[in-house]
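1. output the structure for:
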Amino acid sequence: MEIKKYGLTAVTAVVSTLVTLAGYNYYQAKVNPLSFEQKQQVARFASWKSNNESSMKGMEDFTYASSITTPAVVHITTTIKIKRVRQQNMDPFFQFFGQGFSFPQQQQIEEQPEEASGSGVIISPDGYIVTNNHVIEDGNDIKIKLYDKKTYSAQVIGTDPQTDLALLKIDAKALPFIAFGNSDSAKVGQWVLAVGNPFGQNNLESTVTAGIISAKGRALDLLKDHSAIEDYIQTDAAVNPGNSGGALVNPSGELIGINSAIASNSGSYEGYAFAVPVNIVKKVVDDLLKYGIVERGYLGIGFIDRDDLNNLNKQELRSIGLSEEALNNLNGVYVDTIYGNGAAVEAGLKHGDIINKINGTDVNSRAELLGSISSYHPGDKISITYIRDDKEITTYATLKNKEGETTYEKKEVNTVYNLLGAQFQNLTDDEKKSIGIDGGVKITKLNNGILSHQTDIQEGFIITKIDKQPINNTDDLKKVLENKKGGTLIEGTYPDRPGVYYYAFGM
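-> Numbers count the residues shown, from 1 in each chain. Model (predicted):
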């Protein structure tokens, strides 16, 4: 009787706590926008059930984690245009005399649509999905197939090439989703599951593989962006082409990474897979929703890690003030340069300091330092622990942006540009001169939108007029299209093709 009484009291206490938490979160949402992680907590409370068996299941095997994560991993397909060159013989007598005659051949460039695919992770019940940027960056007409085979068209909310992440949205409600975990607390040797759609095949959707975390803080130099942030979790869970953008989860079914790459000589799994840590994913998702871009804090230092230093000879080591003995004992990253009036200067850092912790978390490599710093905004205050003269010192720094400022504002996101599905750029003086025009706006990239759906316009096209109105720069483009409704006629040219081209579409 007493046991039942205490059990009822415990359940009552848990429910009361959850109700209080939900009320607090609701109030906070009215005052301050919730982060994605807080929204997940509210959504999980809404569907919370008292089930001690399910809460313990992940401790015994992977059935619980598999059951709650596979419905929240989606199959993504996009249409990409592949350019192929076709030789067209201009010799009317070729069929009689063969190649002996030297009549010219014409090269014709054809664009043929092909389908590419990958995976994605639902992170909220209202249809937000995280995937890799490389899964969708060159494609349009993005389709999402859910676990129950329902298919939706997806909108690109934003992308971050520096971390190879993208945020999508579908028009759906009450979807299963995977809650964020904490990648900083994930340990080498810990069991993990990889969930995705290997090889892009429909009959292999929502495949689950198990492995362990093999290493953390890996940098592979895979991303094209010169300021790319690579701080991968390495795992030996089987990940193959098509798994990109899928989930890496712990035995409790929490998301700890987005599967992104494999190291392979064959193109298929060979034991080495890499995922973007979820703590980086959290920041990217929140920034894309709040600001339209990802705002990162910078410390304002140049640094060298052990791998860089191992490539230096004795003389080069001496030139930066580091002995071979000091190199062998190095645990952290070596501060090589202090830039301008950045956060590092104000924090008192100097050349020769060895940073080994950021906010109490160990950093032993370039990847770990960049990954840690990039998870904060300009204006955020962090603690930095470093070694100087064999003493460990902790200081504090307020991070700045690339311009040396501690504030950031929401960037204006032109909804017209989003609808068009394109990125635009003003012409340089040299471009104007070479083409022989006074002004114009170049389409630098086509995404999922009106232009790719309703026209055959191609990247590189230069808009000179819209509905007969001259377009000299992006300001003109914005003014003309801002309140535009109905049929629209674009006029312009391609820098490598003669003539004037016209494209019509509806707004």
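2. list the residues that contact the closest residue to residue 79 other than its chain neighbours.
-> In space, and not counting its chain neighbours, residue 79 is closest to residue 141: 4.6 Å by C-beta to C-beta, 6 or more residues apart in numbering. In short, each C-beta sits where N, CA and C put it, glycine included. Residues near residue 141 by C-beta atoms under 8 Å, 6 or more residues apart in numbering: 78-79, 153, 448, 452-453.
3. give me the pLDDT for residue 141.
-> Note for residue 141: predicted pLDDT of 82.
4. dig out what the spatially most central residue of the chain forms beta bridges with.
-> Ranked by distance to the mean C-alpha position of the chain (C-alpha atoms, centre = their mean), the top residue is residue 165 at 1.1 Å. Note on residue 165: beta-bridge partners by DSSP bridges are residue 132, residue 160.
5. do the same with residue 153
-> residue 143.
6. picking up where we left off before, buried residues, the one helix or strand the residue nearest to residue 79 maps to. List them.
-> Assigned by DSSP states H and E, residue 141 belongs to strand 139-145. Under the neighbour-count criterion of 16 or more other C-beta atoms under 10 Å, strand 139-145 has 139-140, 142-145 buried.
7. which pair in the residues you listed spans the largest distance?
-> 140 and 145 (16.8 Å; C-beta to C-beta).
8. and the end-to-end length of stretch 233-246?
-> 14 Å (C-alpha to C-alpha, to the nearest Å).
9. output the below-cut-off pLDDT ranges for the stretch 201-350 of the chain.
-> 201-204, 222-227, 263-270, 312-317, 319-327 (pLDDT under 70).
10. show me where it has helices.
-> Along the stretch 201-350 of the chain, counting by DSSP state H, counting those that start in this stretch, helices occupy 278-291, 306-310, 314-319, 324-328, 343-347.
11. who are the packing partners of the longest one?
-> Packing contacts for helix 278-291, counted by 3 or more C-beta pairs under 8 Å, 6 or more residues apart in numbering; DSSP states H and E, involve helix 36-46, strand 128-132, strand 155-160, strand 165-169, strand 255-262.
12. please state the offset of the last one from the chain centre?
-> Which is strand 255-262. Computed by C-alpha atoms, centre = their mean, to the nearest Å, the chain-centroid distance of strand 255-262 equals 11 Å.
13. tell me the angle it makes with strand 165-169.
-> 120 degrees (axes from the mean of the first three to the mean of the last three C-alpha atoms, to 10 degrees).
14. give the other helices and strands that strand 255-262 contacts.
-> Using 3+ C-beta pairs under 8 Å, 6+ apart, the elements in contact with strand 255-262 are strand 105-122, strand 128-132, strand 191-196, strand 232-235, strand 247-249, strand 273-277, helix 278-291.
15. export these to a markdown table and tack on mean neighbour count and distance to residue 438?
-> Formatted as a markdown table, those follow (neighbours: other C-beta atoms under 10 Å; distance: least, C-beta to C-beta, whole Å):
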| stretch | mean neighbour count | distance to residue 438 |
| --- | --- | --- |
| strand 105-122 | 16 | 29 |
| strand 128-132 | 26 | 41 |
| strand 191-196 | 26 | 51 |
| strand 232-235 | 26 | 48 |
| strand 247-249 | 32 | 52 |
| strand 273-277 | 27 | 45 |
| helix 278-291 | 22 | 35 |
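16. among those, which comes closest to residue 440?
-> Across those, residue 440 has its closest neighbour in strand 105-122 (22.3 Å, C-beta to C-beta).
17. follow-up on the earlier one: so the residue nearest to the centre of the chain touches residue 135, yeah?
-> No. In this structure, residue 165 is not within contact of residue 135 by C-beta atoms under 8 Å, at 10.0 Å.
18. thought residue 250 was touching residue 194?
-> No. With contact defined as C-beta under 8 Å, residue 250 does not reach residue 194; the gap is 11.6 Å.
19. quick check: neighbours shared by these two?
-> Shared contacts of residue 250 and residue 194, defined by C-beta under 8 Å, 6+ apart, are absent.
20. that older thread, which one of the buried residues of strand 139-145 is nearest to residue 475?
-> residue 140 (26.3 Å).
21. wait, what's in contact with that closest one?
-> Residue 140 makes contacts with 78-80, 421, 446-449, 452-453, as judged by C-beta under 8 Å, 6+ apart.
22. show me the domain layout of the chain.
-> For the chain, automatic domain parsing gives the domain ranges 2-58, 59-89+106-293, 301-398, 415-506.
23. nearest to residue 404, out of those?
-> Residue 404 lies closest, by C-beta to C-beta, to one member of those: domain 301-398, at 6.1 Å.
24. endpoints of the closest one, how far apart?
-> 13 Å.
25. likewise for stretch 344-354?
-> Stretch 344-354 stretches 13 Å from its first residue to its last (C-alpha to C-alpha).
26. and it, which residues are buried?
-> By neighbour count on 16+ other C-beta under 10 Å, the buried set for stretch 344-354 is 344, 347, 349, 352-354.
27. would CSV of those residues with distance to residue 278 be doable?
-> Listed next are the buried residues of stretch 344-354 as CSV, based on distance: C-beta to C-beta, whole Å:
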residue, distance to residue 278
344, 28
347, 28
349, 29
352, 34
353, 30
354, 28
